[in-house]
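> When you get a sec, could you give me coordinates for this:
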Amino acid sequence: MTTPTTKPSFVYVSYIQTTPEKVWQAFMDTDVMAQYWVGPTSECARVNVSDWKPGSKWEHQRLDAARTVDICGKVVECDPPKRLVYTWARPSEADDESKHSRVEIDIEQRIDGLVRLTVSHIDLDAQMLAGISGGWPAVLSNLKTLLETGHVLPRVPAA
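Sure thing, here's the model as predicted:
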């Protein structure tokens, strides 16, 4: 008897003192995104570019001169300001759907002024799990800090 293999998942939950609309805007507005979508040691910010309609392509671009695309995929679901779902793939694997992972972003109003943000990244390979396990916490902590204080976390120089 064989046991079916399952790919790893990553789930990050945060509570943010803001509104669902502001969290949603932070995922849609590239000017806002450029402020927080940078790791503590990253050299440049990144943004996700799309029209965010189901079936549309999206790209995770560096804000460098070449607008280098690190990750890409397709929008699966877009229900403002509650839920965004998209596939996630390395550009070299964009045409091979068996190598895509999936990001599910759920934004839930808990009480007045408090939002529960859940980011689930599923169907990961080991290399992608390693990368996003450091990436998502840095990005989402930076997002929380920006929305609550108006400032991002300080960047740590590379060692």
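> what's near enough to touch the residue most central in space within the chain?
In the chain, the centroid-proximal residue (Cα atoms, centre = their mean) is W136; its distance is 6.6 Å. Neighbouring residues of W136 by Cβ atoms under 8 Å, 6 or more residues apart in numbering: 10, 12, 119, 121. For every residue, glycine as well, the C-beta is placed using N, CA and C.
> What segments of the protein are helices?
Listed in chain order, the helices found in the chain under DSSP state H are 20-28, 30-36, 126-149.
> neighbours of the closest residue to I71 other than its chain neighbours, just the number please.
Leaving aside its chain neighbours, I71 sits nearest to H60 (3.8 Å; criterion: Cβ to Cβ, 6 or more residues apart in numbering). Using other Cβ atoms under 10 Å, H60 is surrounded by 18 other residues.
> how far away is H60 from T6?
The span separating H60 from T6 equals 25 Å under the rule Cβ to Cβ, to the nearest Å.
> Ok, Q109 next?
Between Q109 and T6 the distance is 32 Å, computed by Cβ to Cβ.
> picking up where we left off before, and the helices of the chain as a markdown table, adding mean pLDDT and distance to C78?
Conversion of the helices of the chain to a markdown table gives the following (pLDDT from 0 to 100; distance: least, Cβ to Cβ, whole Å):
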| stretch | mean pLDDT | distance to C78 |
| --- | --- | --- |
| helix 20-28 | 98 | 9 |
| helix 30-36 | 93 | 16 |
| helix 126-149 | 94 | 18 |
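> Deepest-packed of these, please.
Of the helices of the chain, the one with the most neighbours on average (mean count of other Cβ atoms under 10 Å) is helix 20-28, at a mean of 18.
> Fine by me, we can end here.
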